[in-house]
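**Student:** A predicted structure for the sequence below; I have some questions about it.
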Amino acid sequence: MFETLPRTLRDNPVLTRHARFCDLVLAVGESGGQRWRIAIRDGAASVSEGDAADAAIHIEATAAAWRKFAEAAPPPGYQALTAMFTTGEFPVSGAVLAFFRHLKLIEALFQSIRPARA
């Protein structure tokens, strides 16, 4: 699901500049399902499946919530990570301050999982 993140970061000079100042490991998961380790360091991102024991930030949503977020035109409440956070669909734990410090970058990267709009 998140395999586009490294390419999105690499291909976008504005995001790459922002990511130079980011040193984060996120544990992202589906409630009771699949998990990913997403690392953003030195202007690059890497994604691997599985648990992230070294994660500073833990993010989890239901598989249905991730599917809605990943739609080309997500329904209200799923159009942004902040909207999902506000509605309770997207709990964030751990270094929450670091999550919000880098929110613009994280939002832009996560939106890259959506198909291009026609």
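**Tutor:** Looks like it arrived, so ask away.
**Student:** Residue 52: helix or strand, and which one exactly?
**Tutor:** Counting by DSSP states H and E, there is no helix or strand that carries residue 52.
**Student:** whoops, I mixed them up, residue 48
**Tutor:** Residue 48 belongs to strand 44-49, assigned by DSSP H and E.
**Student:** the strands in the chain, which residues?
**Tutor:** Taking DSSP state E as the criterion, the chain contains strands spanning 23-30, 35-41, 44-49, 57-61, 92-94.
**Student:** one step back: quick check: angle from the strand holding residue 48 to strand 23-30?
**Tutor:** For strand 44-49 against strand 23-30, the angle by axes from the mean of the first three to the mean of the last three Cα atoms, to 10 degrees is 30 degrees.
**Student:** buried sites along the longest helix along the chain?
**Tutor:** Secondary structure of the chain per DSSP state H: the longest helix is helix 103-111. For helix 103-111, burial by neighbour count (16 or more other Cβ atoms under 10 Å) applies to 105, 106, 108, 109, 110, 111. (C-beta placed from N, C-alpha, C; glycine too.)
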